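A.B. asks: Structure for this input, please:
(chains A and B)
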There are 2 protein chains.
Amino acid sequence: MLFIIGLGLYDEQDITVRGLAAVKRCKRVFLEAYTSILLVDKEKLEAFYGKEVIVADREMVESRIEVILDGADKEDVAFMVVGDPFGATTHTDLELRARALNIPTKVIHNASIMNAVGACGLQLYRFGEAVSIVFFTDSWRPDSFYPRIAANRQRGLHTLCLLDIKVKEPSLESLARGRKVYEPPRYMSVNTAIEQLLEIEESRGEGAYGPDTLCVGVARLGADSQSIVAGTMEELQNYDFGPPLHSLVIAGNTHVIEEEILSAYRIHGAAQG
Amino acid sequence: MLFIIGLGLYDEQDITVRGLAAVKRCKRVFLEAYTSILLVDKEKLEAFYGKEVIVADREMVESRIEVILDGADKEDVAFMVVGDPFGATTHTDLELRARALNIPTKVIHNASIMNAVGACGLQLYRFGEAVSIVFFTDSWRPDSFYPRIAANRQRGLHTLCLLDIKVKEPSLESLARGRKVYEPPRYMSVNTAIEQLLEIEESRGEGAYGPDTLCVGVARLGADSQSIVAGTMEELQNYDFGPPLHSLVIAGNTHVIEEEILSAYRIHGAAQG
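C.D. replies: The predicted model follows:
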């Protein structure tokens, strides 16, 4: 059996009781560590599970999946994913590959940013399509998110922006030389996201949003150190949210109860409602 | 401290390790049991926690909230919610009430239908606004969901339909007589949802969807008995999904990988992709 297990948002304590029982019975335990990260070390997970944890990087999952699936028809294997297993397309793909090999699979769900973002004070059922914002490079400044944000805001809906994570990415320079050297990990901050968003708005000029648009920045959701701060793009652009992971919500139209909650998160204090 | 704890999708094993530790240290433990239900009895929860569990019905949460909050500034109180705490507006309201009384709160997240629905094979980031479908009565046939589904489908997005739950609702007749008698619990099935949807489409005739529209019905998500079946509205209308809880997804445009997964869930078997 292949167990695909969501680990939730923050640390080793966020696994479910069902998920922990499954991990404990598995012969091999993999941790997917490139679409998101937990805020604890692998060693802490290993001590908590009493098991060796094998880190599965993008290359293993996309090119050497047999390392994970071999023997999973005869023994139990755990593939652990930060958040919920269906947050990223690659996990769906893993399930398909397992099915094709007649390996039974069982998914154990958990919280992910896609539902826990409700903590920011904006109501989940008023979110439109989510978007991903990737790091700009000198030559590649993708803005396919722009019409989606515009369409959401036109309908008064909020937009969850998932911010880029680069873990164990080979440097372009090293790829050109044919010998992979990995870049240090990078996690997009709310600040960088807003900077990129405003640059795109400036160049497109269609008014999907602007410096005065209300947003909520969310950092380390679910951790004791979690930070939720509401303000305009301009106000949040220089706010220090601290260590990763960050997410950003661009508000649509807000309702009374949403405004009441957001007032407690306003960047200049609670009194501004 | 008031702990607002998500219980996840299915049974007592779906609580997180962090959530279970919190419940075990609380003096009083409430279970919100009217916006959703777990598929286990209260007694099973009590045995698992080693604690008495007090069921909080709508009346308690909306009109006698002090029963829950009294003393929570001095001792630990747990308010447990099926799914994630931010799935329903009432829980946001509870947090606001606690804050107004200077009671510290801590939220412990979990899976909810809002993110776990990714299990149906349609990608989460391609969902638009979610809608709620409530039971029609002879005189009340609300269709405010219709333009939302239409707008989602126009943009090629999927729509999660949250289906009505009626638990401990006083009968209209008994309200008229001034002495509350409660109706037996009712959980909307995929079948009823589709019947109501098609009735609304018939009367509005704007073509937001129709009998040939691809949908995915989801029942008891996260349980061993979970059922995920894809088909047109017409095909699913008479399919027996078994016991509650049910949800329905109305597909927008589907991508190749989505179609590959859905093919395994097609009502007439796996070969139809």
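A.B. asks: Please count neighbours and contacts with C-alpha atoms only from this point.
C.D. replies: Fine.
A.B. asks: Show me where chain A has its strands.
C.D. replies: Per DSSP state E, chain A carries strands over the ranges A:2-6, A:28-32, A:54-56, A:77-81, A:105-108, A:131-133, A:159-163, A:165-166, A:186-187, A:214-219, A:227-232, A:246-250.
A.B. asks: Nearest approach to B:E201 belongs to which of the ones you listed?
C.D. replies: With respect to B:E201, and counting by CA to CA, the nearest of those is strand A:159-163 at 28.2 Å.
A.B. asks: Quickly check: the closest one near chain B or not.
C.D. replies: No: using CA under 8 Å from any CA of the partner chain, we find that strand A:159-163 stays clear of chain B, coming within 9.5 Å at best.
A.B. asks: Let me see the mean pLDDT of that strand.
C.D. replies: The pLDDT scores in strand A:159-163 average 97.
A.B. asks: Just the CA atoms of that strand, as PDB, please.
C.D. replies: What follows is strand A:159-163, C-alpha atoms only, in PDB (Å, rounded to 0.1, in the frame of the first residue of the first chain):
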ATOM      1  CA  THR A 159      -7.500  36.000  -4.500                       C
ATOM      2  CA  LEU A 160      -5.000  33.700  -2.700                       C
ATOM      3  CA  CYS A 161      -1.500  34.100  -4.100                       C
ATOM      4  CA  LEU A 162       0.700  31.100  -3.600                       C
ATOM      5  CA  LEU A 163       4.300  32.400  -3.400                       C
END
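A.B. asks: Out of the strands of chain A, flag the one nearest B:V249.
C.D. replies: Using CA to CA, the nearest of the strands of chain A to B:V249 is strand A:105-108, at 19.2 Å.
A.B. asks: For that closest one, which residues meet the burial criterion?
C.D. replies: Neighbour-count burial for strand A:105-108 flags A:105, A:107-108 (criterion: 16 or more other CA atoms under 10 Å in any protein chain shown).
A.B. asks: Could you dump those residues into CSV and include distance to A:E183 and pLDDT?
C.D. replies: Below are the buried residues of strand A:105-108 laid out as CSV (distance: CA to CA, whole Å; pLDDT from 0 to 100):
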residue, distance to A:E183, pLDDT
A:T105, 34, 93
A:V107, 32, 95
A:I108, 32, 97
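A.B. asks: What's the separation between the closest residue to A:E95 other than its chain neighbours and A:D73?
C.D. replies: Distances taken as CA to CA, 6 or more residues apart in numbering or on different chains place A:T105 nearest to A:E95, at 7.0 Å, with adjacent residues excluded. In this view, A:T105 and A:D73 are 9 Å apart by CA to CA, to the nearest Å.
A.B. asks: and for those two, which residues touch both?
C.D. replies: Residues touching both A:T105 and A:D73 by CA atoms under 8 Å, 6 or more residues apart in numbering or on different chains: A:1-2.
A.B. asks: Help me see whether stretch A:225-240 makes contact with chain B, please.
C.D. replies: No: judged by CA under 8 Å from any CA, stretch A:225-240 stays clear of chain B, getting no closer than 10.9 Å.
A.B. asks: rewinding a little: mind checking which of the strands of chain A is nearest B:T213?
C.D. replies: Each of the strands of chain A has some distance to B:T213 by CA to CA; the shortest is strand A:131-133, at 25.5 Å.
A.B. asks: list the helices and strands the closest one packs on?
C.D. replies: For strand A:131-133, the packing partners by 3 or more CA pairs under 8 Å, 6 or more residues apart in numbering or on different chains; DSSP states H and E come out as helix A:145-154, strand A:159-163.
A.B. asks: Do stretch A:76-85 and chain B come into contact?
C.D. replies: Yes: for stretch A:76-85, a contact with chain B is found by CA under 8 Å from any CA, at A:D84.
A.B. asks: So for that stretch, first residue to last residue, what's the gap.
C.D. replies: Termini of stretch A:76-85 sit 17 Å apart (CA to CA).
A.B. asks: For it, give me every contacting residue.
C.D. replies: With contacts defined as CA under 8 Å, 6+ apart, stretch A:76-85 is touched by A:1-9, A:22-23, A:25-33, A:36-38, A:68-69, A:91-92, A:107-113, B:111, B:115-116.
A.B. asks: Buried ones only from the residues you listed, please, as a PyMOL command.
C.D. replies: Selecting only the buried entries of those in PyMOL, with 16+ other CA under 10 Å as the criterion:
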select buried, (chain A and resi 1+2+3+4+5+6+7+8+9+22+23+26+28+29+30+31+32+33+36+37+38+68+69+91+92+107+108+109+110+111+112+113) or (chain B and resi 111+115+116)
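A.B. asks: contacting residues around A:V117?
C.D. replies: Contact analysis of A:V117 by CA under 8 Å, 6+ apart lists A:124, A:221.
A.B. asks: Likewise for A:G121?
C.D. replies: A:258-259, A:261-262, B:92.
A.B. asks: Does anything pack onto the helix-or-strand element of chain A with minimal mean pLDDT? Which helices or strands?
C.D. replies: The helix or strand of chain A with the poorest confidence is helix A:172-177; it has a mean of 78 (mean pLDDT, DSSP states H and E). Applying 3+ CA pairs under 8 Å, 6+ apart, we find helix A:172-177 packed against no helix or strand.
A.B. asks: Export that helix to PDB, keeping only CA atoms.
C.D. replies: C-alpha atoms of helix A:172-177 as PDB (Å, rounded to 0.1, in the frame of the first residue of the first chain):
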ATOM      1  CA  LEU A 172      21.300  28.000 -14.800                       C
ATOM      2  CA  GLU A 173      25.000  28.500 -15.000                       C
ATOM      3  CA  SER A 174      25.700  25.000 -13.700                       C
ATOM      4  CA  LEU A 175      23.200  23.500 -16.200                       C
ATOM      5  CA  ALA A 176      24.900  25.300 -19.000                       C
ATOM      6  CA  ARG A 177      28.200  23.700 -17.900                       C
END
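A.B. asks: from the chain's centre, how far out does that helix sit?
C.D. replies: The chain centroid and the centroid of helix A:172-177 are separated by 27 Å under CA atoms, centre = their mean, to the nearest Å.
A.B. asks: Show residues contacting it.
C.D. replies: Helix A:172-177 has contacts (CA under 8 Å, 6+ apart) with A:180-181.
A.B. asks: about what we covered before: could you dump the strands of chain A to CSV with distance to B:P211?
C.D. replies: Below are those laid out as CSV (distance: least, CA to CA, whole Å):
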stretch, distance to B:P211
strand A:2-6, 35
strand A:28-32, 40
strand A:54-56, 44
strand A:77-81, 37
strand A:105-108, 31
strand A:131-133, 31
strand A:159-163, 31
strand A:165-166, 42
strand A:186-187, 45
strand A:214-219, 40
strand A:227-232, 43
strand A:246-250, 36
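A.B. asks: between these, which gets nearest to A:R266?
C.D. replies: Nearest to A:R266 among the strands of chain A is strand A:227-232; the distance by CA to CA comes to 4.6 Å.
A.B. asks: Give the rounded mean pLDDT of that closest one.
C.D. replies: Average pLDDT, strand A:227-232: 97.
A.B. asks: So which other helices or strands are in contact with that strand?
C.D. replies: Under the contact criterion of 3+ CA pairs under 8 Å, 6+ apart, strand A:227-232 touches strand A:214-219, helix A:256-265.
A.B. asks: go again using 6 Å as the cut-off
C.D. replies: Judged by 3 or more CA pairs under 6 Å, 6 or more residues apart in numbering or on different chains; DSSP states H and E, strand A:227-232 is in contact with strand A:214-219.
A.B. asks: Please compute how far the strand it packs on lies from its chain's middle.
C.D. replies: Centroid separation between strand A:214-219 and its chain, computed with CA atoms, centre = their mean, is 14 Å.
A.B. asks: got the CA coordinates for that strand in CSV?
C.D. replies: Once non-C-alpha atoms are left out, strand A:214-219 reads as follows in CSV (Å, rounded to 0.1, in the frame of the first residue of the first chain):
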residue,chain,number,x,y,z
LEU,A,214,-6.4,45.9,0.5
CYS,A,215,-4.4,42.8,1.1
VAL,A,216,-3.6,40.4,3.9
GLY,A,217,-0.1,39.0,4.3
VAL,A,218,0.1,35.7,6.1
ALA,A,219,3.4,34.2,7.4
